Each structure stands twice: as structure tokens, then as C-alpha cells.
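*Asks:* predicted model follows, preceded by the sequence.
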Amino acid sequence: MEATSLTMSAAFILGFTYGAGACNIACLPYLGPVFFASESGGLKQAWRRVTPFSVGRLVGYACAGLLAGLLGDLLADTLQQTGLRWLLGLATLWVAIALFRAKRGAHKPCATTRQTPNRRFGLGTGLFVMGLGMAFNPCAPLSALLLAAATAGSALSGLGLGLAFGAGAVILPTLIFSIGVAHFASELRANWGRWRPHLEYASAGMMLLMGVGTWMGWISP
């Protein structure tokens, strides 16, 4: 392993650059269908969808940095070999099932209005775990972060680098999905009229396929 060093600001810029480009493409097939399968309800509701996912990613990057500081290059080697695709796959399946249950629950006449679909069907928790799984999937910027954390040889330094990288990586995707993608999905749902239920079930079905494909290793984010 060739030693390398990274400052906190450099880790933030590395994460921000990643979040401005490839990260959005990687996240779109997993997070995008959530907005097409459920009520957007404006910025506040969209924020409730994106925040658990972004917090999960931030926690994931922080844990990755901490573990790399403790374990050296062992974590990077392990992720390169297997990744944590199974975690992302299972979380995606969880979210897909939560969306299907929310659709069924919405048609029941006795459905309570006091609880949001997020709370009743664990959608928020599923999105958090999905973000956590996304953070542990190998990519060039994450490999650079883990190498720097391993070189530092300190759990605290690794944790700081992971938090700085994660903060930079989630800023732009959070804004893009909570404003741009959510607005596009809301407009599409509003204009599809009687085809709207089909769009919702198709989006949840796509999540189901993404979950199975990722879990089996057929799809890599």
C-alpha cells in the first residue's frame, strides 16, 4: 500500500466532486423510483424521503473512515472483493415492500391518517439502511478516502476524514433529489391521471428488481 495523506478540506472537496457527478447517477435508480411510487406532497414531504437516505450515507462514510483508521487497508481490500452489495440489496427490497404496503394501506377505508406512510411501513428506516449500504460500495473516491484513513492509522482521524468526505458527498444529491427529481415526479404523477396507480406500482416493482439484482450481485451501483 502506497502511503497517502488527505486533509479534512481535501476530503470534503473530494466528496463534493464525487457528489456532483457519478454519485447522482449511482443513486438515481435506487432513490428515483421512491418519488414516483409515493406522494411527493411538496418540498417538506420530499425532504422526508431524501433525509434518511443522506443521513445513512453520511453515517456510512464516517464508519468506513473510522474502520479504515483502525484496520488499515483490510477494509479497502474487503470492500474491493465483496463490497456490501447484499446490504444495499436487502435495504432496497425493504423499501420496495414498504412502498407496496403503503399502496395497499392507502386503499383501506379504515386506514388511519394520524401516521404517515414513512412511520407505518418503515420506509424511513429502509431509506436510511439503503444510504448506509450505498456508502460502502467501492468507487475510486471512496478508495482514496480509505487509503488516506488507513495511512493516518488513527480511528479518530479516519472518522474525521469520513465525516468530511460524507458531508461533501451528500450536499448536492440531497438538493437535486429533494427539489429537482421530486418536482419532476410530482408533475408526472399529476399529469398521468388514471395511469397514476400503474406508475406507482411499476416504480415499486422496479425497486424490487433493483433489490434482487443488487443482492444477487447482478447490479452494481
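*Replies:* Great, that's in hand.

*Asks:* residues in contact with the nearest residue to residue 70 once chain neighbours are set aside?
*Replies:* Nearest non-adjacent residue to residue 70, counting by Cβ to Cβ, 6 or more residues apart in numbering: residue 155, 4.8 Å away. Where you see a C-beta, it was placed from the backbone N, CA and C, and this is true even at glycine. The contact partners of residue 155, by Cβ atoms under 8 Å, 6 or more residues apart in numbering, come to 66, 69-70.

*Asks:* and which of those is nearest residue 197?
*Replies:* Of all those, residue 66 has the smallest distance to residue 197: 44.3 Å, by Cβ to Cβ.

*Asks:* let me know whether the closest one touches residue 161 as I believe.
*Replies:* No - under the criterion of Cβ atoms under 8 Å, residue 66 is not in contact with residue 161, lying 9.2 Å apart.

*Asks:* need the overlap of contacts for those two.
*Replies:* With Cβ under 8 Å, 6+ apart as the test, residue 66 and residue 161 both reach residue 149.

*Asks:* buried by neighbour count: which residues of the helix or strand hosting residue 65 qualify?
*Replies:* For residue 65, the element it lies in under DSSP states H and E is helix 42-71. For helix 42-71, a neighbour-count test (16 or more other Cβ atoms under 10 Å) marks 45-46, 48-71 as buried.

*Asks:* give the next helix or strand downstream of the lowest-mean-pLDDT helix or strand in the chain.
*Replies:* Using mean pLDDT, DSSP states H and E, helix 117-121 stands out as the lowest-scoring helix or strand of the chain, at a mean of 54. Sequence order places helix 123-135 as the next helix or strand after helix 117-121, per DSSP H and E.

*Asks:* where's residue 84 relative to residue 8, distance?
*Replies:* Using Cβ to Cβ, to the nearest Å, residue 84 is found at 25 Å from residue 8.

*Asks:* then residue 126?
*Replies:* Distance of residue 126 to residue 8, given as Cβ to Cβ: 31 Å.
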